[in-house]
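K.L.:
one predicted model, sequence on top.
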Amino acid sequence: MLLVYNSSIKNMGKYIWDFDTRAWYTGGTCWWDGHSPYDREYYAETWTELYGAPPHDQATFVYPPTMALISLPLALMPWPVAA
């Protein structure tokens, strides 16, 4: 949990090292919308809608499906709150 806090929560998803926070939120948004975050095209489209173009045009969900336990609750909130 300390790793999650240090990498994402304390900076509210504002910095490049907070890529994980955005990835988790995007994955949760995909799941909530009934799509798989492992569908690269849909995931990249969702990322772009949320934050603009992904860094280096890379937007992929590489986390295990158990990440839904964190991602889905995040997707229920607006991005500023989730971050």
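P.N.:
Perfect, I can see it now.
K.L.:
name the surrounding residues that touch stretch 66-80.
P.N.:
Contacts made with stretch 66-80 from outside it, assessed by C-beta atoms under 8 Å, 6 or more residues apart in numbering, are listed as 12-13, 24-25, 27-29, 31-32, 37, 50, 63, 82. C-beta coordinates here come from the backbone N, C-alpha and C atoms, glycine included.
K.L.:
tell me the average confidence for it?
P.N.:
Per-residue pLDDT values across stretch 66-80 average out to 91.
K.L.:
adding distance to residue 56, neighbour count and secondary structure, write the contacts of stretch 66-80 out as TSV.
P.N.:
Converted to TSV, those look like this (distance: C-beta to C-beta, whole Å; neighbours: other C-beta atoms under 10 Å; DSSP: H, G, I helix; E, B strand; the rest coil):
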residue	distance to residue 56	neighbour count	secondary structure
12	22	14	coil
13	18	18	coil
24	19	24	helix
25	19	24	helix
27	19	27	helix
28	22	25	helix
29	21	23	helix
31	24	18	helix
32	26	15	helix
37	19	27	coil
50	17	14	helix
63	19	16	coil
82	23	19	helix
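K.L.:
of those, the lowest pLDDT goes to which?
P.N.:
pLDDT across those is at its lowest for residue 13, which sits at 52.
K.L.:
can you count the residues close to residue 77?
P.N.:
The number of residues packed near residue 77 is 12, by other C-beta atoms under 10 Å.
K.L.:
with residue 47 instead?
P.N.:
Residue 47 has 25 neighbours, counted by other C-beta under 10 Å.
K.L.:
cool, residue 18 as well?
P.N.:
Burial of residue 18, expressed as a neighbour count using other C-beta under 10 Å, amounts to 17.
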